[in-house]
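Chemist: Next come a sequence and a model predicted from it.
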Amino acid sequence: MKHKIGDIVVIKSDLIPGKIYGKYNFNQFGSMNIYCGKIVKITSLSKGLEAYQIFNCPEFFWTDEMIERFATEEEKQRFILETMAEVL
C-alpha cells in the first residue's frame, strides 16, 4: 500500500464504472463517481483488504489503482479550508 492514514490524495478522474481496480469494483453501487478528480483525505486503511477509506465516505473502499497522486501543498490547503467550512 502506497498511502497512510492522514495522506491527502487526488482520486483519478477517469475511473470507469464497473471496472475492477485492485480487488474492488469501482462504482458498484453508483455513488463513488462523485469523488472522481476530487481531493480527499485517507482516514483508515485495511492492509488485509489492500484498500483505504476516505473522509466523509466510510461506505466505500478505495485502492492504490483508484488514486492518481498525492495532493500538492496548494491542494492540501484548499482541502483543509473546504473541510473547515463544512464544519462551521
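Modeler: Sure, I can see it. Since we're looking at a predicted model, the values are computed, not measured. Residues are numbered from 1 along each chain as shown.

Chemist: so where's this structure uncertain?
Modeler: 28-29, 87-88 (pLDDT under 70).

Chemist: Dump the C-alpha coordinates for the strand ranked longest in it into CSV.
Modeler: Ranked by residue count under DSSP state E, the longest strand found in the chain is strand 39-46. Output of strand 39-46 as CSV, limited to C-alpha atoms (Å, rounded to 0.1, in the frame of the first residue of the first chain):
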residue,chain,number,x,y,z
ILE,A,39,-9.0,15.9,-3.3
VAL,A,40,-9.7,13.5,-0.4
LYS,A,41,-8.1,12.5,2.9
ILE,A,42,-7.4,8.9,3.8
THR,A,43,-8.9,8.2,7.2
SER,A,44,-8.5,4.4,7.6
LEU,A,45,-6.9,1.5,5.8
SER,A,46,-7.2,-2.2,5.7
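
Chemist: quick one: contacts of that strand?
Modeler: By Cβ atoms under 8 Å, 6 or more residues apart in numbering, the residues outside strand 39-46 that reach it are 1, 3-11, 51-55, 57-58, 61-62, 71, 75-76, 78-79, 83. C-betas here are computed from N, CA, C, even on glycine.

Chemist: Please identify the buried residues of it?
Modeler: For strand 39-46, a neighbour-count test (16 or more other Cβ atoms under 10 Å) marks 39-42, 45 as buried.

Chemist: sorry, back to before: show me which of the contacts of strand 39-46 are buried.
Modeler: 7-11, 51-54, 57, 61-62, 71, 76, 79.
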